[in-house]
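**Q** Fold the stuff below for me.
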Amino acid sequence: MAAILSLALAAAGLRPPAVPIAVQDPMTHFWSPHDHLNDGWVQRWNGREVQWQGLVRVGAACWTWMGVEHEGCPNAQQKAVRVAATATYYSFSLGGDIEFNVTFRTAKAVEEGDVDYVMTSLPVTYVNYTARNLLGQNHAVAVYFDSDAAPAVGALLPLEQVKARRAAAPADSTVPYEYVAIGTAAQKFNSPGDLSLRNDYDWGWFTLGYPAGARSGYGLSAVDARAAFATDAPAYPADNNGTVFGISRPCIYTVIELKEGADGVARALGFIGYDEGAAVIEYFGTALPPYWLHAHGSFGAALNYAAAHAGGIAARCDAFDARVAGEMGEVGGVKYAELGGLGWRQVYGGLAAAWNPVTKEIWMFLKEISSAGDVSTVDVIYPAAPALLYYSPELLRKLLLPLMSYANNSNAVYGTPHPYTREYAPHHLGHWPVCDLPEILQENMPVEESANMILFIAYLARAQNSTAWMDEAKYWPLLDTWAAYLAAHLPDPGKQLCTDDFEGPSPHNTNLALKGVIALDAHAQLLSLRGKAAAAANYTHIARACAANWTAQATAGDHTKLQFDSDASTWSLKYNFLWQELLRTTTFEQGVLDAEVSFYRTKIMRYGLPMDNRHGYGKHDWSMWAAGFGDRPFFDAVVDTVYEFLGATQNRYAWPDWTRIDRPDVVPGYLGLAVFRGRPVVGGVWARLLAVKKPLPPMPPVPLK
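**A** Next comes the predicted model:
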C-alpha cells in the first residue's frame, strides 16, 4: 500500500505556498517560496530573503539550480519537485542530456515509542546530489553552494560585526567532514537581530558542511566566489580572516566534486547546519544546551556523526516518509497524504530538544512561530498535539515538563524563579529563547489552558498506561486545583480569553465551555486511574450536568450558538468535540456532534470552512480537528478546501494556518503582516489519523500502579 501511494504522490498535484528546504528547529527554518528552486532566493519563515546560490558545472558548462540565475550559468530546467515528510526532492535537466537531482533531508523520522533524539536533534540538513548522463558519457561534475550572512546575522547588524571561519573535522572522524561558518563577532545569546520578535538571529553560526579536502571559502564576496566557480578559475579569492566590512555580499561557500559509482550515477553529500552554541533555551536562569551538544560534545562531532550514519539515517527517514504517506493515504486518500508530507517538518521544526542538566533528562520546547514568538504556549501546543500524540505520546510529555515545573514552583533550583500562584494553568513560559515570565505578565486564559493540560495528561495516562511521572513529581495537586477551577467556572466561562482571541472578544464562548466540560470528564478518568473512585464519580456527575446545561443553553435549532448570550443566527466551529472522540467519553450525546457536522456541511466554501459567522476566516488546524470527528464525506470535503487553498494562495510563505476562505490571495494578520505562518499548529492535520488509527484502549478496570 505504501509503495503504491508513494508512486501516486510523485505525480500528485499539490503546489505548496512554500517548499521546506532546511526546517530543523525554530532557528533553522528555511523555505523556497517559488514554484522552481531557481526562480529566486529562499527565505526564513518570516519572509526575510536569504541568498543561497546553487550552481552545477559539468565539464565547461555551468547551470544555476538554486537562487537567482547567475551570469554565465543559465537556469537548469526543473523537471519535478516532491515533498515528503522528512525530505524535499528536486529533479533537473542540464542541457537535456544530464539528469541532476538534489534532495534536502532533515532527520525528523519518528519510530514507534520514544524518539531517537540523537538523530532528530541533529543540527544539520542533508543535501544529497546525484547526476547521471543519459547518453552514457563521462564528465566531471561539481556542485557549488554559497550562503550570505542572513541566516545567522540580524537585518539591523552592520557588516563590520560579521565574522566567518572554517573548522576541520575531528581527529577521530570515520567519514571526515569539515565546515565553514558565518555569524556575528559578538555571539551574544538572545541578542535581538531585528525588530520583529527576535525572528532573525544574532548568535550562533550558520554552516555549510563538505567532505574533508573539498574546496571551500569564507568571509569573501559571493560575487567573486560565484564567478570563479562559473569560469572554473584556477584560483579562487582568498579567505577573509578578519571582518567582512566593505565586502559585497560576504559569504561562505563549498565546492563538492561528485564521484561516479559503478551504476553510472555520480553522487555527493553536503550539509546545511546551524551551531547555536552553548544554549538553546535559558530556563529561569539556567542555560539548557541543545541536546545534540550534550550527545556529541561539539558541532563538528555532530556533523561527522551525521555523515558517518548518513546511509542508515536516510533509510530510516525513507521508511518514515513511506509510513506517513501510507497511513494517511489509507485513512484519507492521496490529498490527505500530501498534506501530511508538507506539514510534518513544519510541526517538528517548531520544536527544540534541550538537555536539562538539573533533572538529567531531555526537555522539549515549542516556539510560537510568527504569532508571538513565545516559548511553549499551551494553546499552540494544543492544535499541534494530534501529530505528536500519533507518533510519540512521549514527545508531548517532554513538552509538558517545563510547563509543569513552572506551574509547580519547582524552578528555584534554576537560579531566578518567578513564583506561580494562580489557580489555573499558565499560558506560556517567556519569549523565545528565554523562559523568565513573571506571573503578572501571563496572558491569562484560565479555562482554555487548564482544560488543555488536563486533556493532554489524561490522554498520556491512557496511551502510556502510566502516571508514574505525575506521581514522582507530585503534580497531582496542580491538576486537582485546575479541575476545581473548571468545575467552579462552568458551564459558562464568562468573560475569558480563548485561543481564538485574534478574531475579537467572545465572552460566554460555547466552544471554550465544551472543552472545559470534556476536561472535567477527563479529570474523572484520571481520578479513576489513581484509585479515587468517589471523586471520579463526582467529577463525572459534574461533567454530565454541565453538558446537559450546555446543550440546553447553546442549541439554536439545527446548530449551536457562538456564545451562550448571542442570538440564534450565530454559530461557530466546535472543534473541541474532537476530545470526546479521542478520550472515548460520552460527555455529550452523540446526536449533538452529528447535528454540528451536518450544519458545517452547509457552510463549506471552496477555500475553507469558516470558523464562525463573524468573519470570512478559516483556520486549517481547527478545520481538520472538526473533520476528525465527522464522517468520511465531510472529512474529504474539508481536505479538499485546505488542498485547494494551498494551491491557490499567492502568499508564498510557509503554510499559513489562518486564512480568508473567500480570498485565497489574502492572508489575514496584523498591521498588514501575515503573521500566522510556519506554525507547528498544522499538526492538527493528524486529528483524523489519530482518531481512526490509534483509538485509546478502554479504561482499565483497576487503578494504574
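**Q** any weak-confidence spans in the stretch 101-250 of the chain?
**A** Residues of the stretch 101-250 of the chain that meet the criterion pLDDT under 70 lie in 156-160, 191-199, 241-248.
**Q** the helices in it, which residues?
**A** 117-120, 222-230 (DSSP state H, counting those that start in this stretch).
**Q** packing partners for the first one?
**A** Helix 117-120 sits against helix 291-296, with contacts defined as 3 or more C-beta pairs under 8 Å, 6 or more residues apart in numbering; DSSP states H and E. For every residue, glycine as well, the C-beta is placed using N, CA and C.
**Q** after the helix it packs on, next one along is what?
**A** Counting by DSSP states H and E, the next helix or strand C-terminal to helix 291-296 is helix 299-308.
**Q** quick check: mean pLDDT across that next one?
**A** Mean pLDDT, helix 299-308: 97.
**Q** Go ahead and name everything in contact with it.
**A** Residues outside helix 299-308 that contact it (C-beta atoms under 8 Å, 6 or more residues apart in numbering): 107, 118, 122-124, 126, 167-170, 173-177, 179, 205, 207, 209, 269, 271, 273, 275, 292-293, 295-296, 313.
**Q** Derive a ChimeraX selection command for the buried subset of those.
**A** Buried members of those, identified by 16 or more other C-beta atoms under 10 Å, are gathered into one ChimeraX selection as follows:
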select :107,118,122,123,124,126,167,169,170,173,176,177,179,205,207,209,269,271,273,275,292,293,295,296,313
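**Q** quick one: which of the contacts of helix 299-308 sit in strands?
**A** The members of the contacts of helix 299-308 that map onto strands under DSSP state E are 124, 126, 167, 177, 179, 205, 207, 209, 269, 271, 273, 275.
**Q** surely the last one meets residue 122?
**A** To tie it back to what came earlier, the one meant is residue 275. No: assessed by C-beta atoms under 8 Å, residue 275 is found out of contact with residue 122, at 11.8 Å.
**Q** Quick check: buried residues in stretch 488-500?
**A** 489-493, 496-500.
**Q** The nearest residue to residue 665 once chain neighbours are set aside - how many residues pack around it?
**A** Spatial nearest neighbour of residue 665, excluding adjacent residues (C-beta to C-beta, 6 or more residues apart in numbering): residue 650 at 5.1 Å. Close neighbours of residue 650, defined as other C-beta atoms under 10 Å, add up to 9.
**Q** Would you confirm that residue 650 contacts residue 663?
**A** No: at 10.4 Å, residue 650 does not count as touching residue 663 under the criterion of C-beta under 8 Å.
**Q** List the buried residues for the helix or strand encompassing residue 548?
**A** Assessed by DSSP H and E, residue 548 sits inside helix 533-554. Residues of helix 533-554 classed as buried: 535-536, 539-540, 542-544, 546-547, 549-551, 553-554 (neighbour count, 16+ other C-beta under 10 Å).
**Q** Please apply the same query to stretch 297-309.
**A** Neighbour counts over stretch 297-309 (16+ other C-beta under 10 Å) mark 299-307, 309 as buried.
**Q** Now for the ones in strands among the contacts of helix 299-308: which two are most distant?
**A** Greatest spacing in these, by C-beta to C-beta: 205 and 269 (20.3 Å).
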